[in-house]
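Participant: Can you look at this prediction? I've put the sequence above it.
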Protein chains: 2
Amino acid sequence: MRSVPDDQTAKARIRDAAILRFAQDGLESSVRSIAADAGVSAGLIMHHFGSRAGLRRACDDHVQAAIRESKSELMVPDGAPSALLVQLAQLEGYAPLVGYVLRCLQEGGEFTAQLIEGMVTDAVAYLEEGVEAGTLSPSRDEAARARLLTDFALGSLLLNLPAGRTSLDLDELPGWFADYAERILPPTLELFTEPLLKDSSLLDAYLASSERNTP
Amino acid sequence: MRSVPDDQTAKARIRDAAILRFAQDGLESSVRSIAADAGVSAGLIMHHFGSRAGLRRACDDHVQAAIRESKSELMVPDGAPSALLVQLAQLEGYAPLVGYVLRCLQEGGEFTAQLIEGMVTDAVAYLEEGVEAGTLSPSRDEAARARLLTDFALGSLLLNLPAGRTSLDLDELPGWFADYAERILPPTLELFTEPLLKDSSLLDAYLASSERNTP
DNA sequence: CCCACGACTGAACACCTGTTTAGGCTTTTG
DNA sequence: CAAAAGCCTAAACAGGTGTTCAGTCGTGGG
């Protein structure tokens, strides 16, 4: 029983190969293809992770841990909340993680909900900073606004992502992110600087009706 | 060779069963399950549509035709552009169509891009109406703004959709749409009435730098 | 009338999936 | 040194997939 065979334990090597494959080819990638990538047999995956679902769980846990770690490291960058993904993707070797997260967002489910929840709480903190600095307007419901902005950012990102179900080139991901950001910057800046609705009649009407219901 | 056996030709019955199944259980539903729903053999599907991909193409075409038809019928409802989906879902029997479109949006691909393109052009028209009526601010790039708003609306809708890959209850879809709309209305109204960014320094800076690059 | 053609079925094919099993190998331990 | 315990593989299993094929049924046209 060797403790460290080549440079990683086989279990970790399988997990990393799985994250890479899942990110590139989607979460439906077969156990056998991952085994081939890791240079092991399919049986060994079952031996270490019990089942395909167990492998997925291990990947989820590892990605979540990596994100948590990165958050505490590269905190304080000014910018949008969900920019974490974009920044991570440019770091060497982190592209597979980002790709995996994107595929999770495509799929939905419990783990995805947790991921989004984490981003929303981050967004709350970022927005509060802006409000206190005087650059952002305060909101009547900071949590709801943070969730809305996070959903907008992640949702439109997902919708514009190249390769819906087909292969995703992780090397081109950082460049694509940059292009996408540059593309949406002008209309976003305009939308969030000059109010889309010219008068507050709709908002006033809603506020009046909701006040009537909760006196 | 009976021309109209029960109430529909078998080919149409298969197509409708396929759209329903795809909407409920996802686009990966098996040919056999669809055949069972339609009360025919799997072979007949191949006979009529050539392949599974052919069946998908027929569904895409039928849904696209139905949408085009509905657009010209129930035009003129005031509201958001992508509200078409929401309105359609409440019409009797149209829920499967809407579910199918949602699953296409989840998947991505060529057909999805066409769908979105259609919604964007609709959004351009709606927004232009608002601008002319004086309720909406004009934009420096109407097309870009329309695409951004459409992506925001569809993206966050998709992200909040119940059941990522699992079964989708079409009967509960209209009710869920209503809840979702009510939930995002307050922050959306606020965001589009009171500018998020308190001063125009960021927008001004961008406009200045872009003017320098394209004199 | 009968023939031919289209609708239609059930079985089979070839392939891919996750998982199980039996066993060989290597290293640690008593 | 021998035994045990771990890592690991190759093969097989059971089930699902899209697709093909031979053949049956029923009806419209010559």
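Facilitator: Sure thing, it's come through.
Participant: roughly how far apart are A:K198 and B:P195?
Facilitator: Note on A:K198: its distance to B:P195, by Cβ to Cβ, to the nearest Å, is 12 Å. Every C-beta, even on glycine, is put in place using the N, C-alpha and C of the backbone.
Participant: wait, I meant A:W176
Facilitator: Here A:W176 is placed at a distance of 29 Å from B:P195 (Cβ to Cβ).
Participant: Next: A:V63.
Facilitator: Taken as Cβ to Cβ, the span from A:V63 to B:P195 is 36 Å.
Participant: try A:L196
Facilitator: Separation of A:L196 from B:P195 (Cβ to Cβ): 9 Å.
Participant: Run through chain A and note the low-pLDDT ranges.
Facilitator: A:1-7, A:74-84, A:86, A:89-91, A:164-165, A:215 (pLDDT under 70).
Participant: Tell me where it has helices.
Facilitator: For chain A, the helices defined by DSSP state H cover A:10-25, A:31-38, A:42-49, A:52-73, A:83-90, A:95-107, A:110-133, A:142-160, A:173-193, A:201-213.
Participant: Can you lay out those as JSON lines showing distance to DNA strand D and mean neighbour count?
Facilitator: Converted to JSON lines, the helices of chain A look like this (distance: least, Cβ to the nearest atom of the strand, whole Å; neighbours: other Cβ atoms under 10 Å in any protein chain shown):
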{"stretch": "helix A:10-25", "distance to DNA strand D": "3", "mean neighbour count": "21"}
{"stretch": "helix A:31-38", "distance to DNA strand D": "7", "mean neighbour count": "18"}
{"stretch": "helix A:42-49", "distance to DNA strand D": "3", "mean neighbour count": "16"}
{"stretch": "helix A:52-73", "distance to DNA strand D": "13", "mean neighbour count": "15"}
{"stretch": "helix A:83-90", "distance to DNA strand D": "29", "mean neighbour count": "18"}
{"stretch": "helix A:95-107", "distance to DNA strand D": "19", "mean neighbour count": "22"}
{"stretch": "helix A:110-133", "distance to DNA strand D": "24", "mean neighbour count": "16"}
{"stretch": "helix A:142-160", "distance to DNA strand D": "25", "mean neighbour count": "22"}
{"stretch": "helix A:173-193", "distance to DNA strand D": "30", "mean neighbour count": "17"}
{"stretch": "helix A:201-213", "distance to DNA strand D": "47", "mean neighbour count": "12"}
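Participant: can I get these in a markdown table with distance to chain B?
Facilitator: Below are the helices of chain A laid out as a markdown table (distance: least, Cβ to the nearest Cβ, whole Å):
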| stretch | distance to chain B |
| --- | --- |
| helix A:10-25 | 14 |
| helix A:31-38 | 17 |
| helix A:42-49 | 20 |
| helix A:52-73 | 12 |
| helix A:83-90 | 14 |
| helix A:95-107 | 5 |
| helix A:110-133 | 7 |
| helix A:142-160 | 2 |
| helix A:173-193 | 4 |
| helix A:201-213 | 4 |
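Participant: nearest to B:A113, of the ones you listed?
Facilitator: Taking Cβ to Cβ, helix A:142-160 is the member of those nearest to B:A113, at 9.9 Å.
Participant: what's the angle between that closest one and helix B:142-160?
Facilitator: 110 degrees (axes from the mean of the first three to the mean of the last three Cα atoms, to 10 degrees).
Participant: who touches helix A:142-160?
Facilitator: The contact list for helix A:142-160, computed with Cβ atoms under 8 Å, 6 or more residues apart in numbering or on different chains, reads A:80-82, A:85, A:102, A:105-106, A:116, A:119-121, A:123-124, A:127-128, A:131, A:139, A:180, A:184, B:105, B:116, B:148, B:151-152, B:154-160, B:184, B:186-188, B:190-191.
Participant: what's the answer for stretch A:24-35, then?
Facilitator: Here stretch A:24-35 makes contact (Cβ under 8 Å, 6+ apart) with A:14, A:17-18, A:21-22, A:41-42, A:44-46, A:52, A:55-56, A:96, A:99, A:103-104, A:106-107, A:165-170.
Participant: Now do the end-to-end distance for that stretch.
Facilitator: End-to-end distance for stretch A:24-35: 15 Å, by Cα to Cα, to the nearest Å.
Participant: Does at least one residue of it sit close to DNA strand C?
Facilitator: Yes. Against DNA strand C, stretch A:24-35 shows contacts by Cβ under 7 Å from any atom of the strand at A:30-33.
Participant: Can you tell me which of the residues you listed is nearest A:A205?
Facilitator: Nearest to A:A205 among these, counting by Cβ to Cβ, is A:S30 at 54.6 Å.
Participant: now the closest one: how far from A:F22?
Facilitator: Counting by Cβ to Cβ - A:S30 and A:F22 are separated by 11 Å.
Participant: same question, A:V101
Facilitator: Using Cβ to Cβ, we find A:V101 at a distance of 10 Å from A:F22.
Participant: Also A:Q106?
Facilitator: Taken as Cβ to Cβ, the span from A:Q106 to A:F22 is 11 Å.
Participant: ok, now A:W176?
Facilitator: Taking Cβ to Cβ, one finds A:W176 at 19 Å from A:F22.
Participant: my guess is A:G99 meets A:C59, correct?
Facilitator: No. Contact criterion Cβ atoms under 8 Å: A:G99 and A:C59 do not qualify, at 11.7 Å.
Participant: Spit out the residues that contact the two alike.
Facilitator: Contacts common to A:G99 and A:C59, judged by Cβ under 8 Å, 6+ apart, are A:F22.
Participant: Fine by me, thanks again.
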